[in-house]
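*Asks:* below is the structure, and that's it, no one-letter string:
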C-alpha cells in the first residue's frame, strides 16, 4: 500500500464546512503547500483547530486573510491582527483555549477519552460553561475532547506506509492531530521506501496516516 | 552535571514503605540490576505500580517471591502464580487495573491532570467506588492519576544529562513512569556524552531523570 | 474433528473477517493462530499492545531479540513499515478506535454481547491486562473459541455469570459449530460448522438462537 | 534610569532567583532578557513551550534554522543535551510541575497573587497562548515588569480589574523599584530598587505594602 498521492488528491478531501486540524506553531510545522492549495481552491466556512493563526502571509494566516474560516479554535491570535479584527467585528467566531488544554483536548480526541481534569483556567473566564470537579481537595475543570474531519500535518520525512518523522520544533501539534481526525494527510519534504525508517525512530505510526503528499521543498 | 551514579547510590533511594513504579512488560524493559539490588537490600513493604509481576525468576516477580511488596497496582498477574496465591491468601494487596487505564493514570500523574474519563471498565467491577460521568450521551469512568516516590526505568542508552532512548518493545511503561515520580532512576546499557544523542531522537527528556546507572550488560 | 482441527477451523474462519488495511489485535492463544490464515493478498497490520504495529511471525530459532516480544512474552518479529511506541500511545490507539478488530477468547459470552474472559472468582484471577481496553476500544470485537467448555458446559449464554470484561461489546462469535452475530434482537446463527445440525448448535448453546434465513455452511 | 536600564536591572535581579539545575520557562519580551544575566556557574535549562528544552541563544546571522524557533517565532538554537517533543508533552512538563520557575510580564498583579496578562476586553485579545498553563503549572511564578504603566498608572493592585490569567499564582514580583513577595498576609517589600524610597514604592503601588523587617537594597 503506497500512501503517496498528489496535492490535488489531498485538496479533494477538504471541503466547505468541514472541521480541519492544521499543525504548526506560528507557521513552523504547518503544511504550507496544502494551505496554499486551500486558498486557491477557495474552500470556505471551515472550522479550524490550530494553535494560532501565524502571520498574515504565512501558514493559517492566509486562510484568515481570505475569510475561509467560519470558526477558529486556537490558543493565540496576537501575531495576526486580521484575526483579532474579524473576531471583534463578529465576522469570525474565535474560541480561545489555553495551549496545553488545546494539545491535551486533541490528544484526548484521538485516544478515546471522554475528557480530562485540568487545573488550568480555574478562576479565569476559561471556566465559563464548564463543569468543575474537586479531586483530593483541589479544583479542576473538565475539558472535553476535540476531533476533526481532516487533519493536515507537516512532517520532514515519511515512508510509503505513512510513518512520520518531524523536524525539531516543527513537531508541535502535528503528532496529536494525526490521531484525532477521520482523515489524515501529511505534507512531507521527503518520501522513502517502506523499511527505510527505524521502527524506534517513528514519531507518528503510519496507521494514523491516510495520505502523504510532497511539499514544495 | 553528570547524572551517572553507582548502583549503590540508586539503591539508597529506595526504602521501606515507599511507592515505586517499575518499568517493563513481562520483564522486558525492567531494570533487572536494580531489582536484584532491591532483593539483596531486602527493602520491604513496598507499594509497586507496574504492568505485571513477570515470572517468578524474572523482573518484578523476584520481589513478589521475596514478599517485599505490600501492595501491588498492576494490570496482569497471570504469569506469576505466586502473586495470585499471595493475593488469594490476603498476604499481598493487589489492585487490578485495565492496562490502558494504568498507562493513562501514570501519564496523568506526570502531566498534572486531576484525572481522565475513560469508557473502559463501564459495566464491569472496575466501576466499583468510582465516579461515573456522562458526556455527550456516553458513560465514562473518572480515573485518577498515579504518582510514586521513585520510578525505576530501563533504557538502552542515556547521555550524561539523562536523556533516554529505549529499545523496541522494551519501551512500554518506562516513558510515562519517568514523568510521574519524585525521583527517577534509569538503568541503561550504554552511557554517552552530552551532545551525542540527536535531540529529535530523545524518547525521555533528561529533565525528568535524576540518576542513571549502568546495567549488567 | 479433534481439538487441533477445531482450533484451525475457527482461526481460518476468523481470518476471513479481516480486511485489507485493517489494524488488528489478536489475543494470546487461539486468536494468535488467525495470523497464519490471512490470505496473501490481504494486508492486515497486527498491533501488539505492549507497544508496536506490524507484528510479524516468530523468528527462526537463534534469531530471537529479547526486546521484541508479543503481549504473551513470546519472541516475535516486526515487519518493515512497523513502529514501536510506549504503552500510553498503544492504548490511545486501542481506546481511540484506531484498531479495526480485536479477536479474543472467552469464558462466557451472552446474547447481549457481554463478554467474560478475565477471571473466575476464587480460582483464576490473572488480571484483565489489555482485554478491557481492547473490547471497549476496537471497532469490532470477535470472540474465537470452542463452542462449549469441558464436559459440554455452555459458554454462550442468555446472561454471563462471571465478572464481565466488557458490557455489550461482542459483535461476532466464531466457534467450530458456527458463526453467530450479536444483534439487537439476539444471537443470529449465520453459518453452521461442518457436520453439525442447527439442533446440535442450539443444544450446545445456553441462549436461544435466531436462525438466519440465509444460513450457510461455514466458509473456510 | 532610562527604559533600557530599568529593563536590564529587572532582568538581572530575576536571574539571581534561578538555581543550578532549574528548568525555567521565560516569557517573550523582557523575561527573555533574563537568560543574558544567568551566572556562568549556574546551569539553567530553558524550556520553550513550542517543544524543546535547552533553548540556546539566537544563532549567528545566516545560521538560522527555520525549524528551531522560540515561542515568539524568533530563530534560536538548542544546546547540547537538549530534546525536542510535541506540544502535549511540552505542556505535560509544564502542567505536571516539572518547570521550577516561569518568568512572565504582567498587565496587572494583585495582593492575592492574581495575575492578568492576556487580554484587555474590547482592545487587545491576543489569546492566552501557554501563559495560563505556565502560571498554573510552574512551581514558582515570577512576574518581571516595570513597576507602573505609562503615565504612572498602578499595575500592582489590591485586586486585578482585567480578566485573570491565573488565580493566586504569583510568588514574586520584580520591578525596577523593588522585589515584592506575595504572601498569605499580603505583599511584602523585600528589597528596594536603587534610588527609591519606601514611600516612592508605596506611592507607585495600588495595594498596601508590608515592609520586610530586613528590607535590603536590591541585589544585582
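*Replies:* That came through fine. Just so it is clear, the structure is predicted and the values come from calculations on it, not from any experiment.
*Asks:* for chain C, which segments count as strands?
*Replies:* Here chain C has its strands, by DSSP state E, at C:23-26, C:45-48, C:52-56, C:77-84, C:101-104, C:108-110, C:115-116, C:140-144, C:156-157, C:172-175, C:178-183, C:186-192, C:209-217.
*Asks:* which one of those lies closest to residue D:197?
*Replies:* Residue D:197 sits nearest to strand C:77-84 of all those, at 64.1 Å, using CB to CB. From N, CA and C alone the C-beta is placed, and that goes for glycine too.
*Asks:* tell me the helices and strands packed up against that closest one.
*Replies:* strand C:52-56 (3 or more CB pairs under 8 Å, 6 or more residues apart in numbering or on different chains; DSSP states H and E).
*Asks:* walk me through which strands the strand it packs on pairs with, and which way each runs.
*Replies:* strand C:45-48 (antiparallel), strand C:77-84 (antiparallel) (DSSP bridges).
*Asks:* reformat these as TSV; add distance to residue B:4 and mean neighbour count.
*Replies:* Shown next, in TSV, are these (distance: least, CB to CB, whole Å; neighbours: other CB atoms under 10 Å in any protein chain shown):
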stretch	distance to residue B:4	mean neighbour count
strand C:45-48	33	24
strand C:77-84	26	22
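*Asks:* dump those into TSV; add mean pLDDT and distance to residue B:46 as well.
*Replies:* Putting the strands paired with strand C:52-56 into TSV (pLDDT from 0 to 100; distance: least, CB to CB, whole Å) gives the following:
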stretch	mean pLDDT	distance to residue B:46
strand C:45-48	98	29
strand C:77-84	98	29
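*Asks:* can you redo those as a markdown table with distance to residue B:9?
*Replies:* Compiled in a markdown table, the strands paired with strand C:52-56 are given as follows (distance: least, CB to CB, whole Å):
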| stretch | distance to residue B:9 |
| --- | --- |
| strand C:45-48 | 35 |
| strand C:77-84 | 30 |
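*Asks:* how about the contacts made by residue C:15?
*Replies:* Listed by CB atoms under 8 Å, 6 or more residues apart in numbering or on different chains, the contact set of residue C:15 reads C:34, C:37-39.
*Asks:* so which of those residues also contact chain A?
*Replies:* Among the contacts of residue C:15, none lies close to chain A by the criterion of CB under 8 Å from any CB of the partner chain.
*Asks:* buried subset of the residues you listed?
*Replies:* C:34, C:37-38 (16 or more other CB atoms under 10 Å in any protein chain shown).
*Asks:* out of the residues you listed, which comes closest to residue C:122?
*Replies:* residue C:34 (31.9 Å).
*Asks:* how near is that closest one to chain B?
*Replies:* Applying CB to the nearest CB, to the nearest Å, the value for residue C:34 to chain B is 20 Å.
*Asks:* need the pLDDT of that residue.
*Replies:* Turning to residue C:34, the model gives it a pLDDT of 97.
*Asks:* now do residue C:122
*Replies:* For residue C:122, pLDDT reads 82.
*Asks:* list the contacts of it.
*Replies:* residue B:88.
*Asks:* sorry, back to before: just put the buried ones among the contacts of residue C:15 in TSV and tack on distance to residue D:101.
*Replies:* Shown next, in TSV, are these (distance: CB to CB, whole Å):
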residue	distance to residue D:101
C:34	54
C:37	59
C:38	55
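*Asks:* chain A: which of the residues you listed is nearest?
*Replies:* Nearest to chain A, judged by CB to the nearest CB, of those is residue C:38 at 14.7 Å.
*Asks:* surely the closest one and residue C:20 touch.
*Replies:* No: contact between residue C:38 and residue C:20 fails when scored by CB atoms under 8 Å: they sit 9.8 Å apart.
*Asks:* shared neighbours of those two, which are they?
*Replies:* residue C:44.
*Asks:* residues near residue A:72, how many?
*Replies:* 24 (other CB atoms under 10 Å in any protein chain shown).
*Asks:* ok, and does the helix or strand hosting it reach over to chain D?
*Replies:* Residue A:72 is part of strand A:69-74 when elements are defined by DSSP states H and E. Yes: Strand A:69-74 reaches chain D (CB under 8 Å from any CB) through residue A:74.
*Asks:* tell me where the model's unsure across chain A.
*Replies:* A:216-217 (pLDDT under 70).
*Asks:* tell me the strands in it, going along the chain?
*Replies:* A:19-22, A:46-49, A:69-74, A:93-96, A:115-118, A:132-135, A:138-143, A:148-159, A:164-165, A:181-192, A:211-214.
*Asks:* adding distance to chain B, write those strands out as a markdown table.
*Replies:* Converted to a markdown table, the strands of chain A look like this (distance: least, CB to the nearest CB, whole Å):
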| stretch | distance to chain B |
| --- | --- |
| strand A:19-22 | 15 |
| strand A:46-49 | 17 |
| strand A:69-74 | 17 |
| strand A:93-96 | 17 |
| strand A:115-118 | 3 |
| strand A:132-135 | 4 |
| strand A:138-143 | 4 |
| strand A:148-159 | 9 |
| strand A:164-165 | 8 |
| strand A:181-192 | 14 |
| strand A:211-214 | 19 |
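*Asks:* quick one, grab the pLDDT at the residue sitting furthest away from the middle of chain C.
*Replies:* For chain C, the largest distance from the centre (CA atoms, centre = their mean) belongs to residue C:62, which lies 30.0 Å off. We note a pLDDT of 96 for residue C:62 in this prediction.
*Asks:* buried residues in stretch C:162-178?
*Replies:* C:162-167, C:169-178.
*Asks:* stretch C:136-146 now?
*Replies:* Those would be C:136-138, C:140-146, for stretch C:136-146 by 16+ other CB under 10 Å.
*Asks:* ok, so of the buried residues of stretch C:162-178, who is nearest residue B:44?
*Replies:* Nearest to residue B:44 among the buried residues of stretch C:162-178, with distances taken as CB to CB, is residue C:163, at 31.5 Å.
*Asks:* show me the contacts for the closest one.
*Replies:* B:124-125, C:116, C:118-119, C:121.
*Asks:* any idea how far the nearest residue to residue C:57 once chain neighbours are set aside is from residue C:56?
*Replies:* Computed as CB to CB, 6 or more residues apart in numbering or on different chains, the closest residue to residue C:57 that is not its neighbour in sequence is residue C:77, at 6.3 Å. As judged by CB to CB, to the nearest Å, residue C:77 and residue C:56 stand 4 Å apart.
*Asks:* do the same with residue C:6
*Replies:* Distance from residue C:6 to residue C:56, by CB to CB: 26 Å.
*Asks:* for residue B:186, which of the strands of chain A is the nearest?
*Replies:* strand A:164-165 (24.1 Å).
*Asks:* other SSEs contacting the closest one?
*Replies:* Partner elements for strand A:164-165 (3+ CB pairs under 8 Å, 6+ apart): strand A:148-159.
*Asks:* have a look at the chain and report its longest helix.
*Replies:* The chain I'm using is chain A. Ranked by number of residues, the top helix in chain A under DSSP state H is helix A:99-111.
*Asks:* please refer instead to chain C.
*Replies:* Per DSSP H, chain C has its longest helix at helix C:3-15.
*Asks:* if I take that one and strand C:140-144, what angle do their directions form?
*Replies:* Orientation check (axes from the mean of the first three to the mean of the last three CA atoms, to 10 degrees): helix C:3-15 against strand C:140-144 gives 170 degrees.
*Asks:* in helix C:3-15, what's buried?
*Replies:* Residues C:6-15 are the ones in helix C:3-15 that count as buried (16+ other CB under 10 Å).
*Asks:* residue contacts, the residue of chain A most remote from its centre?
*Replies:* Taking CA atoms, centre = their mean, the residue of chain A most remote from its mean C-alpha position is residue A:137, at 34.4 Å. Contact partners of residue A:137, counting by CB under 8 Å, 6+ apart, are absent.
*Asks:* distance of it from residue D:182?
*Replies:* Distance, residue A:137 to residue D:182, by CB to CB: 21 Å.
*Asks:* before we move on, back to that, could you dump the strands of chain A into CSV with distance to residue D:94 added?
*Replies:* Below are the strands of chain A laid out as CSV (distance: least, CB to CB, whole Å):
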stretch, distance to residue D:94
strand A:19-22, 21
strand A:46-49, 20
strand A:69-74, 18
strand A:93-96, 18
strand A:115-118, 11
strand A:132-135, 19
strand A:138-143, 15
strand A:148-159, 23
strand A:164-165, 25
strand A:181-192, 25
strand A:211-214, 32
